[in-house]
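Enquirer: build me a model:
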Amino acid sequence: MKKLFVAAVTAGISFLFIIAPQPLQRSISGLPANISLLKPTVTSARSKSNITAQPATAMVNPLSGRAWQKLAGIYSKDVLYASNQTGVSRKLLAAVIHVESRASNVVSYAGAVGPMQLMPSTAWRILHVNPWKPRQNIVGGARYLRRLLAIFHGHLRLALEAYNAGPTTVAQGVIPIPAKVYARQVMALAA
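Expert: Next comes the predicted model:
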């Protein structure tokens, strides 16, 4: 009975976050108004001066220029492709790949696969990608991260904790310590 209740509450919370993100975002204090680690977008095709504002930390970023490629390793072209496809910052994707797999195509003890360490069931059923192909794995991980950022209204720490421990766990407020450490590591590399 408790599992059914938790599933219903989680589904309701997810429904509200996905269907009505704008009103919820305005009503929940303390959540950022935008997703700061998404790529900057040009608001006018004619004027390149109308680029959305970057966070203040972007000025002192240790991964500025091409340094993110060192974190992405052999997957830097795939990270760039996934970033262009999903709008998620290449610095964030490279940081996730570095922390998850140290830029190698490995299988974890829990069964997660590839550079973004996707669970095969999530990759096939939800993200519709082949987790064994590195480019599809990275694109799928970027889609999943983008989805989590939308669910948690751009709150990067919560999205990363959900990427590591699962969105249901984070929505319930029971965040394991390894997920907290994981989120801190990724945020430090992507800052």
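Enquirer: I figured residue 162 hits residue 174, correct?
Expert: No - Residue 162 is not in contact with residue 174 according to Cβ atoms under 8 Å; the separation is 11.8 Å. (Glycine included, C-beta is placed from N, CA and C.)
Enquirer: which one of these two has more residues nearby?
Expert: residue 162 (25 against 10; other Cβ atoms under 10 Å).
Enquirer: report the secondary structure element holding the more buried one.
Expert: Assigned by DSSP states H and E, residue 162 belongs to helix 156-165.
Enquirer: got a list of contacts for that helix?
Expert: Around helix 156-165, the neighbours that count as contacts under Cβ atoms under 8 Å, 6 or more residues apart in numbering are 35-37, 96, 144-145, 148-149, 151-152, 169-171, 175-176, 178-180, 182-183, 186-187.
Enquirer: quick one, phi psi at residue 145?
Expert: Per-residue torsions, residue 145: phi -60, psi -40 (degrees, to the nearest 10).
Enquirer: residue contacts, it?
Expert: Shown in contact with residue 145 (Cβ under 8 Å, 6+ apart): 86, 88, 92, 93, 96, 159, 163.
Enquirer: next: residue 94.
Expert: Taking Cβ under 8 Å, 6+ apart as the test, what residue 94 contacts is 63, 68, 69, 71, 72, 76, 79, 189, 190.
Enquirer: which one (most neighbours) among those?
Expert: Ranked by neighbours (other Cβ under 10 Å), those are led by residue 79, which has 31 neighbours.
Enquirer: correct me if wrong: that one contacts residue 138.
Expert: Yes - with contact defined as Cβ under 8 Å, residue 79 reaches residue 138; the gap is 6.1 Å.
Enquirer: which residues do the two both contact?
Expert: 93, 97.
Enquirer: pLDDT check: weakest of the contacts of residue 94?
Expert: When those are sorted by pLDDT, the bottom entry is residue 63 at 45.
Enquirer: okay, the contacts of residue 145 in TSV with distance to residue 125, secondary structure and neighbour count next?
Expert: As requested, these are exported to TSV (distance: Cβ to Cβ, whole Å; DSSP: H, G, I helix; E, B strand; the rest coil; neighbours: other Cβ atoms under 10 Å):
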residue	distance to residue 125	secondary structure	neighbour count
86	19	helix	21
88	21	strand	24
92	24	helix	29
93	22	helix	30
96	21	helix	29
159	20	helix	27
163	17	helix	25
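Enquirer: of these, just say which sits nearest to residue 124.
Expert: Of all the contacts of residue 145, the one with the least separation from residue 124 (Cβ to Cβ) is residue 163, at 17.6 Å.
Enquirer: do you know how far that closest one is from residue 188?
Expert: 15 Å (Cβ to Cβ, to the nearest Å).
Enquirer: what's the weakest-modelled helix or strand in the protein?
Expert: helix 21-27 (a mean of 35; mean pLDDT, DSSP states H and E).
Enquirer: please name every helix or strand in contact with the helix or strand following that one.
Expert: Heading C-terminal from helix 21-27, the first helix or strand you meet, by DSSP H and E, is helix 68-72. Here helix 68-72 touches helix 76-86, helix 90-101, going by 3 or more Cβ pairs under 8 Å, 6 or more residues apart in numbering; DSSP states H and E.
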